[in-house]
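Undergrad: turn this into a model:
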Amino acid sequence: MKPTAEKLLWMYETMLVIRRYEEALAQVYLEGKLPPAIQKGLAFDIASGPIPGEMHLAAGQEPVAVGVCAHLTDADTLVGTHRPHHFAIAKGVPLDRMTAEIFGKATGLGRGKGGHMHLFDPERRFSCSGIVGASLPPACGAALAAKMTGRKTVGVAFFGEGAANQGTFHESLNLSALWQLPAIFVCEDNRWAISVPKDHATAIPSNAARAAAYDIPGIAVDRNDAIAVYEAMARAVERARGGGGPTLIEVKTDRWFGHFQGDAEVYRPKGEVPELRKHDPIPALAAELRRQQLLDDAKDRSLQNGAAARVQVAMDFARRSPYPAADEALQDVFA
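TA: A predicted model of the protein is given here:
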């Protein structure tokens, strides 16, 4: 199934927003954490600046998010990882409230109490977690609920190739296959589980091959291409909504930033990231749109400017928003 012109333009525009957003966060995150503190003889201060704590960015991995989410509606459930912004943006989570949450502000999705690894939007059925492999069981739960209530919705779990070695991966695939759940498992293979290369931790080249152990389809997308992901997801969604059961998809993608911001990345081979950037998936999709006469210079400038404007509005909203009051500390949390 090929994407329509409308879907192609949506994927391109959404990838532009994701890239602008991640690049903007990379800059804002460093405020108060770098040179001045280091010049005073202090180490990188992870607690300083407008965004305290860890930050995991997904620039380079945009094709996975848009290729999958192009098939989803607000009624479908998506469970993401600790590197969640590209999924959230593609699923339609409001950019202003998500940014406010990342800044720890009261106008955020969780009133500033969850931060960037714990984004929850019930209206769009989006959630994520900082725990490796934690996305698969909740997606199974959503798929089970859909089957029991007769709804034609799906549960989608995103996870990294490192998480495919977790017990939750095998347990979730087993149960979803046994019960024929409308679940779709999407593995982002960026070749690095934090600092461990895939071939040091996983016995097989492609995790898609593991689907055979549970008698379900395993689709390997061997390039970081939005259209290729879209086509793979089309098959999985058709199967799931039609009652055929789950599918496992593995996509070869690229992580441009470190595991977290501030990561020295000494484990990466010299020159790896510059080489990855030569294969930027956004210009590649733009070239395809131009080939199909869906994009010209004027349209491209408009989309680029629109993406930048959306991100700036969200950043301004987050900076202006108030912090939660101190007496809210124990509200809306489990005691």
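
Undergrad: wait, residue 276 touches residue 254, no?
TA: Yes - at 4.4 Å, residue 276 counts as touching residue 254 under the criterion of Cβ atoms under 8 Å. In this view, the C-beta of every residue, glycine as well, is placed from N, C-alpha and C.

Undergrad: what residues are shared contacts of these two?
TA: Listed contacts common to residue 276 and residue 254 are residue 60; contacts here mean Cβ atoms under 8 Å, 6 or more residues apart in numbering.

Undergrad: neighbour-wise, which of those two wins?
TA: residue 254 (23 against 18; other Cβ atoms under 10 Å).

Undergrad: OK, contacts around the more buried one?
TA: Applying Cβ under 8 Å, 6+ apart, the residues contacting residue 254 are 60, 61, 190, 224, 276, 279, 281.

Undergrad: neighbours of residue 131, how many?
TA: So residue 131, with other Cβ under 10 Å, has 13 neighbours.

Undergrad: leaving out sequence neighbours, find the closest residue to it.
TA: Once flanking residues are discounted, residue 131 sits nearest to residue 82: 7.8 Å by Cβ to Cβ, 6 or more residues apart in numbering.

Undergrad: for this structure, what helix or strand is lowest in average pLDDT?
TA: In the chain, the helix or strand scored least confidently by mean pLDDT, DSSP states H and E is helix 35-39, which has a mean of 57.

Undergrad: helices or strands next to the very next helix or strand once past that helix in the packing?
TA: Sequence order places helix 62-69 as the next helix or strand after helix 35-39, per DSSP states H and E. On a contact count with 3 or more Cβ pairs under 8 Å, 6 or more residues apart in numbering; DSSP states H and E, helix 62-69 meets helix 5-29, helix 85-91, strand 155-160, strand 183-189, helix 226-241, strand 247-252, helix 281-291.

Undergrad: what angle do the fifth one and helix 281-291 make?
TA: So that's helix 226-241. Taking axes from the mean of the first three to the mean of the last three Cα atoms, to 10 degrees, helix 226-241 and helix 281-291 form an angle of 90 degrees between their directions.

Undergrad: helix 226-241: which residues count as buried?
TA: For helix 226-241, burial by neighbour count (16 or more other Cβ atoms under 10 Å) applies to 226-234, 236-237, 239-241.
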